[in-house]
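Student: below: sequence and its predicted model.
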Amino acid sequence: MHHILGTVIPGSDTVAAKPSDTRIPQRHRILHVFRAPVGGLFRHVMDLARLQVAAGHAVGIVCDASTGGERGARALAELSACLELGLVRIPMRRNPHRSDWTCLRAVARRADAVGATVLHGHGAKGGAYARLASATAIRAYTPHGGSYNYRPGSALHRTYMAAEAVLARRTDAFLFESEYVAGRHRAFVGGPEQVTRIVHNGIAESEFAPVPLAEDAADLLYVGELREAKGLPYLLEALVRLRAEGRALRLLMVGSGPDSESLRSMVQRLGLSDVAAFEPPQAIRSVLARGRILVVPSLAESLPYVVLEAAAASQPLVATRVGGIPEIFGPAADDLVPSRDAGALAGAIRRVLDEAPDVLNARVRALSESIHQRFSLERMGADVVSGYAAAFQARAERLSVETRKVAQARTA
């Protein structure tokens, strides 16, 4: 056990190298840095860490100590046994704060202590820490929407993008999880001239097994954070419209977030208290069994896991045409609806409810098969490591050019 910044840290950075180290061309020492152990970002890092450990790389994690709750703590504890570079949890604020300097120094010290050769930052906060903490390790960055999607056109968004432009100069590899976010980067930041990869989130083979529907399943299901960007007020308004047509629909909302109280108040105000229920975050497949139609009313997204997971399991879906969701739907993207439109959302739900079962089943199976072909967990892991390798190669080439210039200047 380690004690770092007063926090008990399971795992050890002194674990002996495994025999599998010889199976890979280059064994990386990878430190993943991110803030909150919740949601899709957390799943992405957890999957990636497991894949990299299985491939023989040494992996460690630095993340926030104040979020994630019991579920996050349990998941990290289970993973920590195989983290050769250990697990460090320190308090991290969501928004910019003077404590960021303390966090940055902690990340830098940890990277130096474990001899990290790759610092991989996830999300805006983790990406900033990873790219500012070291000049010797390869610095990779995976945005997950976040600052790129936050109220474009506002002064705060311009500030975030200005910060991203500065940090871009300290980035060796951009590993975007969707074409959409890569496009936002080009539009708001410019470039990038560095190594760039589109690395779609991947899911496991087991996740393509259909989920048997529970007997008491709600008609509509929402799974995710309870916050403004997820568009839940539009889902509640759509539910009101559908019930006004005489449809006795029930809604289950599973998740947590900063807007939970305002959403509960809205449920009461709309007279939905008896038909709209809230529950805390839970394992996704057990939740999918409790809803007939998954509704994703988001105003902004990157490449949401919940859409991948539900589509893979052949769950009927209604989703908005935002972020990377069209990339997931592929040829079926015409089924998506515009965001911020309760009427369009209600219409899409109505179509699914009224669709002939054989037609609906054929449509959801076709989407599942398309996901199976395009969103492999193994491909995600391989593409990330390929991005690291390209960044090492690009750095070596730059150093070679600089060395030649110095030699030429000395002989001139």
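Tutor: The structure has been received and is ready for your questions.
Student: what number of residues lie near residue 365?
Tutor: 12 (other C-beta atoms under 10 Å). No exception for glycine: its C-beta is placed from N, CA and C like everyone else's.
Student: just residue 97 next, same as before
Tutor: Residue 97 has 13 neighbours, counted by other C-beta under 10 Å.
Student: tell me what the longest helix anywhere in the chain is packed against?
Tutor: Scanning the chain for the helix with the most residues, using DSSP state H, yields helix 377-411. On a contact count with 3 or more C-beta pairs under 8 Å, 6 or more residues apart in numbering; DSSP states H and E, helix 377-411 meets helix 39-54, strand 138-142, strand 173-176, strand 195-198.
Student: so residue 161 sits in a helix?
Tutor: Yes. Assessed by DSSP: H, G, I helix; E, B strand; the rest coil, residue 161 belongs to a helix.
Student: give me every residue that touches the closest residue to it other than its chain neighbours.
Tutor: With sequence-adjacent residues excluded and distances taken as C-beta to C-beta, 6 or more residues apart in numbering, residue 161 is closest to residue 188, at 4.3 Å. Neighbouring residues of residue 188 by C-beta atoms under 8 Å, 6 or more residues apart in numbering: 148, 152, 157, 161, 164.
Student: tell me which of the residues you listed is nearest to residue 48?
Tutor: residue 148 (20.2 Å; C-beta to C-beta).
Student: test my guess that that closest one contacts residue 184.
Tutor: Yes. Using C-beta atoms under 8 Å, residue 148 is in contact with residue 184, at 4.2 Å.
Student: more neighbours, the two?
Tutor: residue 148 (26 against 23).
Student: pLDDT weak spots in the stretch 301-412 of the chain?
Tutor: Flagging of the stretch 301-412 of the chain using pLDDT under 70 yields an empty set of residue ranges.
Student: try 90
Tutor: 398-412 (pLDDT under 90).
Student: next: the chain.
Tutor: In the chain the weaker segments, taking pLDDT under 90 as the threshold, are 1-26, 38-39, 94-96, 134-135, 144-147, 149-153, 191-194, 398-412.
Student: just the strands in it please.
Tutor: 2-4, 7-9, 29-33, 58-64, 87-90, 118-122, 138-142, 173-176, 195-198, 218-223, 251-254, 276-279, 291-296, 317-319 (DSSP state E).
Student: any chance of the ones you listed in TSV, with mean neighbour count and distance to residue 270 too?
Tutor: Converted to TSV, those look like this (neighbours: other C-beta atoms under 10 Å; distance: least, C-beta to C-beta, whole Å):
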stretch	mean neighbour count	distance to residue 270
strand 2-4	13	47
strand 7-9	15	43
strand 29-33	27	41
strand 58-64	26	34
strand 87-90	23	39
strand 118-122	29	36
strand 138-142	26	38
strand 173-176	26	38
strand 195-198	19	40
strand 218-223	23	14
strand 251-254	23	11
strand 276-279	17	8
strand 291-296	23	16
strand 317-319	25	19
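Student: any chance of the ones you listed in a markdown table with distance to residue 265 as columns?
Tutor: Below are the strands of the chain laid out as a markdown table (distance: least, C-beta to C-beta, whole Å):
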| stretch | distance to residue 265 |
| --- | --- |
| strand 2-4 | 41 |
| strand 7-9 | 36 |
| strand 29-33 | 36 |
| strand 58-64 | 28 |
| strand 87-90 | 33 |
| strand 118-122 | 33 |
| strand 138-142 | 35 |
| strand 173-176 | 37 |
| strand 195-198 | 40 |
| strand 218-223 | 17 |
| strand 251-254 | 14 |
| strand 276-279 | 12 |
| strand 291-296 | 20 |
| strand 317-319 | 25 |
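Student: what's the closest of those to residue 368?
Tutor: strand 317-319 (10.4 Å).
Student: just the CA trace of stretch 94-104, in CSV.
Tutor: Taking C-alpha atoms only, stretch 94-104 is exported to CSV below (Å, rounded to 0.1, in the frame of the first residue of the first chain):
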residue,chain,number,x,y,z
ARG,A,94,-14.3,19.9,-12.3
ASN,A,95,-13.8,23.6,-13.1
PRO,A,96,-10.5,25.5,-13.2
HIS,A,97,-9.3,26.1,-9.6
ARG,A,98,-6.1,27.1,-7.9
SER,A,99,-5.8,23.5,-6.6
ASP,A,100,-5.0,22.5,-10.2
TRP,A,101,-1.4,23.5,-9.5
THR,A,102,-1.2,21.0,-6.7
CYS,A,103,-2.7,18.3,-8.9
LEU,A,104,-0.3,19.1,-11.7
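Student: with that, I have no additional questions.
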